[in-house]
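Novice: Sequence and predicted model, in that order:
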Amino acid sequence: MASSIPNHSLLQLSHVQQIYTSGQRRFTALQDVNLVVSEGEFVALLGPSGCGKSTLLRIITGLQKPSEGIVLYRGQPLKGVNPHATIVFQTFALFPWLTVFENVDLALKARGIPANIRTLRSLDLIDRVGLDGFETAYPRELSGGMRQKVGFARAMAVEPELLCLDEPFSALDVLSAESLRGELMELWTGGSIPTKAILMVSHNIEETVLMADRIVVMDKEPGRIIAEVRVEIPHPRQRKSDEFQRVVDEVYGMLAGQTQAEAVELGTAPGEQGRTRALPKIAISDLAGLLEYLAELPENRQDIYRLPEELKVDPSHVLSLTEAAEMLGFAYVEKGDITLTPLGETFAEASIQARKEIFATRIRRLPLMRWLIAMLTHAENHVLDREVIHTALELEFPQEEAEKQLDTLINWGRYAELISYNDDKALIYLETLS
């Protein structure tokens with residue numbers, strides 16, 4: 001049976017950094033990461049999108065070399081692909097022209113294992129993950145949960161010491177994901193798989209508390225470890241238990257942090273000294289829904305960890321919504337609780353047009369929006385090509401993130417009637433100079 005008490009160290013990361021360069025721009029994806037994973041541990045890397053969790057997993061498995069720092073496996077520097085580790089990805093990554101058996105068998109064939117041994121091991125693993133009877137089925141014949149089971153069987157076929165999971169349940173529906181989590185934990189805690197440690201990337205807080213012995217909490221801009229939480233609850237864990245809810249609340253509090261002074265909360269504009277803070281990618285309607293919900297509660301307050309169930313939204317989206325509410329001055333966060341401010345209460349109770357006016361006043365304070373409005377103000381006819389803004393944002397953010405930030409600026413600015421956008425011509429206009 002797998003033990004929750006670590007003993008011998010398998011993996012050690014010391015001062016690992018990952019820095020990308022694009023022209024003259026340097027983007028720090030990971031900063032000074034120190035981590036140890038020992039035998040018997042199920043460790044979860046938890047954090048928001050863009051904090052470098054998947055990058056860290058690629059470094060650990062040797063698929064990517066860090067810019068700086070040391071990666072040791074069993075005390076030896078890792079050179080090239082780690083032969084003792086394997087990854088299960090969030091997408092099923094199966095060969096559609098191969099059967100279940102052939103997909104699992106291929107992993108063993110690539111390792112040069114003889115056919116007679118491959119057959120027995122493949123069939124055994126297919127049986128252990130609950131797919132006995134589906135050996136000759138093709139991926140198109142299987143549900144999402146069953147396809148991911150094939151991914152687990154294929155990963156475990158090579159008997160990895162370290163099994164790495166990159167958000168393996170995120171592409172599944174709720175029921176399939178819950179079932180597969182339970183089956184994986186049954187295999188792990190029952191000692192039915194040869195793996196000595198599991199390292200899972202996730203953005204789902206309840207998932208990590210349900211499965212992991214230790215949760216490594218990460219933050220972004222730059223990606224870094226900010227805290228660790230050891231989960232001492234025996235398996236199988238009960239979501240409704242007081243202890244489970246206490247740990248979930250504690251982790252939410254770490255990720256949400258607490259509201260800081262305005263200068264810290266808002267950051268700076270591009271080109272200014274300091275960090276340009278990214279805008280959370282949320283829809284105004286979702287933010288309004290959160291504020292309306294809080295406005296109906298006693299003292300306008302709620303534990304953040306309760307919001308996903310109450311609002312029926314993903315936990316990572318809840319954190320983005322709380323971040324937006326903080327940034328706009330509609331709520332403040334402290335000790336894992338979110339509380340509506342008087343301004344937030346006013347917004348929740350306002351008419352459609354009044355909400356637009358309040359929102360416009362608030363986003364004018366945001367450094368990124370101030371920067372965009374200033375650029376449009378000084379542009380000829382107060383109009384700029386989308387690509388010009390995007391190129392400028394790439395000096396502050398990676399290309400994909402720059403695109404998301406521009407979309408958010410446009411959506412927020414249009415709602416507030418500060419800017420308009422012509423999608424056909426990809427032109428951004430200043431709506432008003434008042």
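Specialist: Perfect, I can see it now.

Novice: low-scoring pLDDT stretches of the stretch 201-350 of the chain, where are they?
Specialist: The stretch 201-350 of the chain contains residues with pLDDT under 70 at 258-265.

Novice: got the residue ranges for the strands in it?
Specialist: 214-219, 224-230, 301-303, 331-334, 337-340 (DSSP state E, counting those that start in this stretch).

Novice: Which one of these lies nearest to residue 237?
Specialist: strand 214-219 (12.9 Å; CB to CB). From N, CA and C alone the C-beta is placed, and that goes for glycine too.

Novice: If you compare the directions of that closest one and strand 224-230, what angle comes out?
Specialist: 150 degrees (axes from the mean of the first three to the mean of the last three CA atoms, to 10 degrees).

Novice: Can you give the contact residues for strand 214-219?
Specialist: Around strand 214-219, the neighbours that count as contacts under CB atoms under 8 Å, 6 or more residues apart in numbering are 35, 41-48, 51-53, 208-209, 224-231, 251, 254-255.

Novice: Just checking: what are the partner strands of that strand?
Specialist: Strand 214-219 pairs in its sheet with strand 42-46 (parallel), strand 224-230 (antiparallel), by DSSP bridges.

Novice: closest to residue 16 out of those strands?
Specialist: Of all the strands paired with strand 214-219, strand 224-230 sits nearest to residue 16, with 10.2 Å by CB to CB.

Novice: Return the members of the contacts of strand 214-219 classed as buried.
Specialist: Burial by neighbour count, 16 or more other CB atoms under 10 Å: within the contacts of strand 214-219 this picks out 35, 41-48, 51-53, 208-209, 224-225, 229, 231, 251, 254-255.

Novice: farthest residue from the center of this structure?
Specialist: residue 116 (41.2 Å; CA atoms, centre = their mean).

Novice: which element is that one on?
Specialist: If you go by DSSP states H and E, residue 116 is part of helix 115-128.

Novice: how far out from the middle of the chain is that helix?
Specialist: 34 Å (CA atoms, centre = their mean, to the nearest Å).

Novice: quick one: contacts of it?
Specialist: Contacts of helix 115-128 (CB under 8 Å, 6+ apart): 100-101, 104-105, 108-109, 113, 132, 134-135, 150, 153, 156-157, 187, 192-193.

Novice: Between the strands of the stretch 201-350 of the chain, which one is closest to residue 418.
Specialist: strand 331-334 (22.3 Å).

Novice: Which elements pack onto the closest one?
Specialist: Under the contact criterion of 3 or more CB pairs under 8 Å, 6 or more residues apart in numbering; DSSP states H and E, strand 331-334 touches helix 315-327, strand 337-340.

Novice: can you list the domain ranges for the protein.
Specialist: Annotated domains of the chain cover 9-84+160-255, 280-361, 366-430 [automatic domain parsing].

Novice: Any quick PyMOL command for the buried ones out of the contacts of helix 115-128?
Specialist: To isolate the buried members of these in PyMOL, using 16+ other CB under 10 Å:
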select buried, resi 100+101+104+105+108+113+134+135+150+153+156+157+187+193
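
Novice: quick revisit: make a markdown table from the strands paired with strand 214-219 and add distance to residue 322 to it.
Specialist: Putting those into a markdown table (distance: least, CB to CB, whole Å) gives the following:
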| stretch | distance to residue 322 |
| --- | --- |
| strand 42-46 | 16 |
| strand 224-230 | 16 |
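
Novice: and residue 289, which of the ones you listed is closest to it?
Specialist: Of the strands paired with strand 214-219, nearest to residue 289 by CB to CB is strand 42-46, at 25.1 Å.

Novice: what's the closest one in contact with?
Specialist: Taking CB under 8 Å, 6+ apart as the rule, strand 42-46 contacts 2, 4, 37, 53, 56-57, 188, 197-203, 205, 207-208, 211-218, 251, 255.

Novice: Only alpha carbons, please: show that strand as CSV.
Specialist: Taking Å, rounded to 0.1, in the frame of the first residue of the first chain, the C-alpha atoms of strand 42-46 are listed here in CSV:
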residue,chain,number,x,y,z
PHE,A,42,1.1,11.9,-4.0
VAL,A,43,2.0,15.6,-4.6
ALA,A,44,-0.2,18.1,-6.4
LEU,A,45,1.0,21.3,-8.1
LEU,A,46,-1.9,23.7,-7.7
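
Novice: how much does it deviate in direction from helix 315-327?
Specialist: 40 degrees.

Novice: which stretches of the stretch 51-200 of the chain have low pLDDT?
Specialist: In the stretch 51-200 of the chain (pLDDT under 70), the answer is 92.

Novice: Show me where it has its helices.
Specialist: Ranges of helices in the stretch 51-200 of the chain, per DSSP state H, counting those that start in this stretch, are 53-60, 100-110, 115-128, 144-157, 174-189.

Novice: Those helices: which one's closest to residue 305?
Specialist: Going by CB to CB, the one of these nearest residue 305 is helix 174-189, 17.8 Å.

Novice: Tell me which other helices or strands the closest one touches.
Specialist: Helices and strands touching helix 174-189, by 3+ CB pairs under 8 Å, 6+ apart, are helix 144-157, helix 205-211.

Novice: Enumerate every residue touching the closest residue to residue 365 other than its chain neighbours.
Specialist: Spatial nearest neighbour of residue 365, excluding adjacent residues (CB to CB, 6 or more residues apart in numbering): residue 266 at 6.8 Å. For residue 266, the contact set (CB under 8 Å, 6+ apart) comprises 277, 327, 365, 366, 367.

Novice: out of these, who's nearest residue 63?
Specialist: So of these, ranked by how close each gets to residue 63 (CB to CB), first place is residue 277, at 30.5 Å.

Novice: give me phi/psi at that closest one?
Specialist: Note on residue 277: backbone dihedrals following degrees, to the nearest 10 are phi -80, psi 130.

Novice: The nearest residue to it once chain neighbours are set aside and residue 389, how far apart?
Specialist: For residue 277, ignoring the flanking residues on the chain, the nearest one in space by CB to CB, 6+ apart is residue 267 at 3.1 Å. Separation of residue 267 from residue 389 (CB to CB, to the nearest Å): 18 Å.

Novice: ok, back up a step: and the contacts of residue 266, which of them are buried?
Specialist: Among these, those that count as buried by neighbour count (16+ other CB under 10 Å) are 277, 327, 366, 367.

Novice: hmm, which two among those residues are most spread apart?
Specialist: 327 and 367 (10.5 Å).

Novice: shared neighbours of these two, which are they?
Specialist: Contacts common to residue 327 and residue 367, judged by CB under 8 Å, 6+ apart, are 266, 277.

Novice: for residue 20, which residues make a bridge with it?
Specialist: residue 27.

Novice: Repeat that for residue 162.
Specialist: With DSSP bridges as the rule, residue 162 is bridged to residue 85, residue 197.

Novice: Hmm, it is touching residue 85, no?
Specialist: Yes. Counting by CB atoms under 8 Å, residue 162 touches residue 85, with 4.1 Å between them.
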